[in-house]
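> any chance you can model this:
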Amino acid sequence: MSDSPEYVPPKVWTWNKPSGGHFASINRPVSGPTHDKELPVGRHPLQLYSLATPNGQKVTILLEELLAQGHQGAEYDAWLIRIGDGDQFGSGFVQVNPNSKIPALMDRGGPQPIRVFESGAILLYLAEKFGAFLPKDPAQRAECLSWLFWQMGSAPYLGGGFGHFYAYAPVKIEYAIDRFAMEVKRQLDVLDKRLADHEYIAGSDYTIADIAIWPWYGSLVQGQVYGAGEFLSVQDYKHLRRWADAIGARPAVRRGRMVNRVNGDPASQLHERHDASDFDTRTQDKLQASGK
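Residues are numbered from 1 along each chain as shown. Next comes the predicted model:
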């Protein structure tokens, strides 16, 4: 890139060319729907519209953890939103989330439907609704929420920053990769030091803070995100890796990661989830074997 002319920003930026890269087809500088399309509605009060990105996994993991605790009201329909096809720009989805990002949740269990968007807001809404995975003690609750919002504020550096320039950008830009790698390693160090003397992120109990952080940072140190484990020397964060392995081994976490997944082993892909039995009967390997 040293031979490239220096970029001089214009006085007024205009969108006159695609942004390039892996997500070029879905990025645009305006909001709102691009087409009319109603969202499907299943039989459960909780209707989730999502994709198994790290942000999407947060919600399905929490729902599966709630069900594992015996909260039958947490049964849900999970509908696949293919962001590469622009499903998030359909009119029905935009009504649930005007920001056109997954995940989005509709709770139809009350007198009036309630929409919830932004993954952190959904986690907090469900934790409060079911009285689970959120401490009741004021100090512990504050600690949990502090880490939840830490994740919401930090992940853009990992996903939109480091992940984009390291894995998805059409050209490798040394400055951008170095800038975001430095920030991601600082975040990993924050978590590693916290977990050196705490079993879980917010303290001694497993909470929505862990559920929010694990799909991003736990998966990263396990080598499941961006293929950047060696580049970031993730083996150095031993406390974070201990935590990541423990969370990743939970049965509800394993189930939650499968929901709305469209890549990887077909046996790990459950494109839509409408009943607990779907994990046994409707994963992609079973559907392909049956010709469906």
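> which residues are in contact with the closest residue to Asp87 other than its chain neighbours?
In this structure, Asp87 finds its nearest non-sequential neighbour in Ile81, 4.5 Å apart by CB to CB, 6 or more residues apart in numbering. C-beta here means a position set from N, CA and C on the backbone, and glycine is covered the same way. Applying CB atoms under 8 Å, 6 or more residues apart in numbering, one finds that Ile81 lies in contact with Tyr49, Ser50, Leu51, Asp87, Gln88, Phe93, Ile102, Ala104, Asn260.
> now Ile81: how far from Leu48?
Here the criterion is CB to CB, to the nearest Å. By it, Ile81 lies 9 Å from Leu48.
> what is in contact with the two at once?
Ala104.
> so where does the spatially most central residue of the chain fall, helix or strand?
What sits nearest the mean C-alpha location of the chain, by CA atoms, centre = their mean, is Asn55, with 1.2 Å. According to DSSP states H and E, Asn55 maps onto helix 54-68.
> what helices or strands is the next helix or strand after that helix leaning on?
As assigned by DSSP H and E, the chain's next helix or strand after helix 54-68 is strand 76-80. Strand 76-80 is packed against strand 46-50, with contacts defined by 3 or more CB pairs under 8 Å, 6 or more residues apart in numbering; DSSP states H and E.
> what mean pLDDT does the strand it packs on have?
For strand 46-50, mean pLDDT is 98.
> which residues touch that strand?
Contacts of strand 46-50 (CB under 8 Å, 6+ apart): 39, 41, 56, 59-60, 63, 74-81, 93, 96, 102-109, 259-260.
> beta partners for Arg273?
Following DSSP bridges, Arg273 is listed with bridge partners Ala78.
> could I get the full set of strands for the stretch 51-200 of the chain?
Here the stretch 51-200 of the chain has its strands, by DSSP state E, counting those that start in this stretch, at 76-80, 104-107, 114-117.
> rewinding a little: out of the contacts of Ile81, which is most surrounded?
Within the contacts of Ile81, neighbour counts (other CB atoms under 10 Å) peak at Ala104, which reaches 30 neighbours.
> how close does Asp85 sit to Phe93?
12 Å.
> same thing with Leu158?
25 Å.
> Lys58 now?
Using CB to CB, we find Lys58 at a distance of 18 Å from Phe93.
> returning to that earlier point: farthest-separated two in the contacts of Ile81?
Spatially, the most separated pair among the contacts of Ile81 is Phe93 and Asn260, at 13.7 Å (CB to CB).
> hmm, back to that, nearest to Gln187, of the strands of the stretch 51-200 of the chain?
Using CB to CB, the strands of the stretch 51-200 of the chain put strand 114-117 closest to Gln187, at 24.2 Å.
> distance of the residue nearest to Asp87 relative to Arg43?
Ile81 sits 19 Å away from Arg43, going by CB to CB.
> distance between the ends of stretch 14-27?
Taking CA to CA, to the nearest Å as the measure, stretch 14-27 stretches 14 Å from start to finish.
> what does stretch 267-275 give?
Taking CA to CA, the first and last residues of stretch 267-275 lie 17 Å apart.
> going forward can the numbers begin at 25, since that is how I track them
With the count now opening at 25, the last piece we talked about shows up as stretch 291-299.
> which other residues reach it?
Contacts of stretch 291-299 (CB under 8 Å, 6+ apart): 66-68, 84, 99-104, 281-287, 302-303, 306-309.
> buried stuff in that stretch?
For stretch 291-299, a neighbour-count test (16 or more other CB atoms under 10 Å) marks Gln293, Leu294, His295, Arg297, His298 as buried.
> please apply the same query to stretch 254-272.
Leu256, Val258, Tyr261, Leu264, Arg265, Trp267, Ala268, Ala270, Ile271, Gly272.
> got the contact list for that stretch?
Under the criterion CB under 8 Å, 6+ apart, residues 190, 205, 208-209, 212-213, 215-217, 219-220, 223-225, 230, 234, 238, 241-247, 253, 277-278 lie in contact with stretch 254-272.
> likewise for stretch 218-232?
Applying CB under 8 Å, 6+ apart, the external contacts of stretch 218-232 come out as 86, 147-148, 151, 157-159, 164, 167-168, 171-172, 215, 233-234, 237, 263-264, 266-267, 271.
> again, but for stretch 87-97
The contact list for stretch 87-97 (CB under 8 Å, 6+ apart) reads 69-70, 72, 98-100, 133, 150, 154, 156-157, 235, 274-277, 279-280, 283, 300.
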